[in-house]
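[1] Sequence below, structure please.
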Amino acid sequence: MVAEELNVIILAAGKGTRMHSSQPKVLHQIAGKPMLQYVLETAIDLNADPITVVYGHGGEHVLHAFADWDVRWVEQAEQLGTGHAALQALPHVGTEGVTLVLYGDVPLLQTETLRKLVHLAGKDKLAILTVVMDEPSGYGRIVRSDNGNIACIVEEKDATDQQRRIREINTGVMAFPSADLHRWLPELANDNQQGEYYLTDVVRMAAEEGMGIVSLQPDEDTEVLGVNDKRQLAQLERALQRRHAARLMQDGVTLMDPARIDVRGLLLCGRDVTIDVGCVFIGQVELGDNVRIGPHCVLKDVVIRDGVVVSAFSHLDGAEIGENAHIGPFARIRPDTRLAAHVHIGNFVEVKNSQVEYGSKINHLSYVGDATVGHGVNIGAGTITVNYDGVNKYRTTIGNGAFIGSGSELIAPVVIGDDATIAAGSTINKDAPAGKLSIARARQLTHPTWVRPTKKGK
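    Take a look at the predicted model:
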């Protein structure tokens, strides 16, 4: 249970020099979202109010990326340490309840972990999230007194050899009684190797005042991993994808290889879903019961109904696929496409902004764009709906039961009637009547005296 009043300060001012990028560090993405977005969403889940973000390097980009978010923004113009950054936010922080300090480059913290930390702090304790590491190099150490109580946090550059052997490290995530934080932050000093104002120095202040200092360890160490370079960014990406994979399998999804799936948004699955290797899911994707996704498919913002098979290397974006349809391999379904039940879209077929009704087939090497296709239609290989004149796009309508021969071009706007047949190789630029055969080919000529040219000798 979170305290009645919870303030959250998110420190997001780091320059991220080791990222070797012109983009602010907190805007680098994990699973399709900026790192800072994960931290903001967690703070919102905690019902924190206010949420104050301290920004610095590339701040205009950060502000633009989160212009619609209901948070308070504070600039840290000079990078003088975590304590100095928190001090910039202090005027926006109330004196009641608890203040929780988070970091914009530590995106995988679980809401429940932070709920426990805030609950531990209560109204009169300082709570620290710590982790015991086999290799603690680079982290501040938790120094405890002989009775086991936390006495202070020592940054590695300021630590003695004995302190460097301590394996319990500070994650930086802390919950403070807000009133005490207002007292402590203005008293921070920068008499250390870095010449910075350390937020961790308030732990020593709390200990000297006899305040209770408590610690909590997260269920998974990956929750507290931060990002300083692209290698660590990739590590967090894989850690988050392992979390997604575990959730999917726990819900009954069959993953052919849990290490080779990427979820960059929300993936909702029915029963008996099978996902092969190398698939990427972007935005919101819904898979019905008994859906099978073949290897190396990319699905973005799509709804796929029960019994659908999506074969290898297919790309689906912004579409709805009806029950028991079959897509691919190597198919591309583009936005605003709706495929009804039992539709077949085969290899190297592209469909865009089109509606295809029950049982129709477009099996080979065709482009269907801006079209309305009735039920039971067969569209032969190499068919093109010619929908664009260089300025405007036009619609093609194909009636129920029509048969479109291979290699046909349907020049929109054009209507193909019900049960019409278009002869292979036709270029149709006028409406084709229902139930009739329409042929539109150039006359074939053979020149009996023609001889193929040969190269002339030098």
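[2] Once you drop chain neighbours, what's closest to residue 228?
    Nearest residue to residue 228, sequence neighbours excluded (C-beta to C-beta, 6 or more residues apart in numbering): residue 18, at 5.2 Å. Where you see a C-beta, it was placed from the backbone N, CA and C, and this is true even at glycine.
[3] Ignore what I typed, I meant residue 102.
    Counting by C-beta to C-beta, 6+ apart, the nearest residue to residue 102 once its immediate chain neighbours are dropped is residue 10, at 4.9 Å.
[4] pLDDT on the helix or strand where that neighbour lies, on average?
    With the criterion set as DSSP states H and E, the secondary-structure element containing residue 10 is strand 6-12. Mean pLDDT, strand 6-12: 96.
[5] now stretch 342-358
    What stretch 342-358 shows for mean pLDDT is 98.
[6] got the CA coordinates for the strand holding residue 10 in CSV?
    Below are the C-alpha coordinates for strand 6-12, written out as CSV (Å, rounded to 0.1, in the frame of the first residue of the first chain):
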residue,chain,number,x,y,z
LEU,A,6,3.7,10.2,-2.8
ASN,A,7,6.1,12.5,-4.6
VAL,A,8,8.3,11.1,-7.3
ILE,A,9,11.5,12.7,-8.5
ILE,A,10,12.9,11.2,-11.7
LEU,A,11,16.6,12.1,-12.4
ALA,A,12,17.0,12.2,-16.2
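[7] right, and the residue nearest to residue 102 touches residue 37 too?
    No: with contact defined as C-beta atoms under 8 Å, residue 10 and residue 37 do not form a contacting pair (11.0 Å).
[8] Who has more neighbours out of those two?
    Between residue 10 and residue 37, counted using other C-beta atoms under 10 Å, residue 10 has the larger neighbour count: 26 against 19.
[9] what's the more buried one in contact with, if anything?
    Under the criterion of C-beta atoms under 8 Å, 6 or more residues apart in numbering, the contact list for residue 10 reads 36, 39, 40, 43, 51, 52, 53, 54, 102, 103, 104.
[10] Packing partners of whichever strand or helix holds the second one?
    Translated: residue 39. Per DSSP H and E: residue 39 is located in helix 35-45. Contacts defined by 3 or more C-beta pairs under 8 Å, 6 or more residues apart in numbering; DSSP states H and E place helix 35-45 against strand 6-12, strand 51-55, strand 98-103, helix 111-121.
[11] So in the chain, which helix runs the longest?
    Ordering each helix of the chain by length in residues (DSSP state H) puts helix 230-250 first.
[12] Might you calculate how far whichever helix or strand comes after that one sits from the centre of the chain?
    As assigned by DSSP H and E, the chain's next helix or strand after helix 230-250 is strand 254-255. Between the centre of strand 254-255 and the centre of its chain there are 20 Å (C-alpha atoms, centre = their mean, to the nearest Å).
[13] And the next helix or strand past strand 254-255?
    Next along the chain from strand 254-255, counting by DSSP H and E, comes strand 261-269.
[14] Go through that next one and flag the buried ones.
    Going by neighbour count (16 or more other C-beta atoms under 10 Å), the buried part of strand 261-269 is 261, 262, 263, 264, 267, 269.
[15] residue ranges with poor pLDDT in the chain?
    Within the chain, the ranges that satisfy pLDDT under 70 run 1-4.
[16] just the helices in it please.
    35-45, 59-65, 82-89, 111-121, 161-164, 178-184, 201-208, 230-250.
[17] Point out the most buried one among those helices.
    With neighbours taken as mean count of other C-beta atoms under 10 Å, the helices of the chain reach their highest mean count in helix 82-89, at a mean of 23.
[18] Compute the inter-axis angle for that helix and strand 51-55.
    Between the axis of helix 82-89 and that of strand 51-55 there is an angle of 120 degrees, by axes from the mean of the first three to the mean of the last three C-alpha atoms, to 10 degrees.
[19] and helix 82-89, what does it pack onto?
    Helix 82-89 sits against strand 6-12, strand 51-55, strand 72-75, with contacts defined as 3+ C-beta pairs under 8 Å, 6+ apart.
[20] 6 Å instead?
    For helix 82-89, the contact count by 3 or more C-beta pairs under 6 Å, 6 or more residues apart in numbering; DSSP states H and E identifies strand 6-12, strand 51-55 as packing neighbours.
[21] Each with direction, which strands does the shortest one pair with?
    According to DSSP bridges, strand 51-55 has the following sheet partners: strand 6-12 (parallel), strand 72-75 (parallel).
[22] can you give me how far the first one is from the chain middle?
    The gap between the average C-alpha position of strand 6-12 and the chain average comes to 23 Å, counting by C-alpha atoms, centre = their mean.
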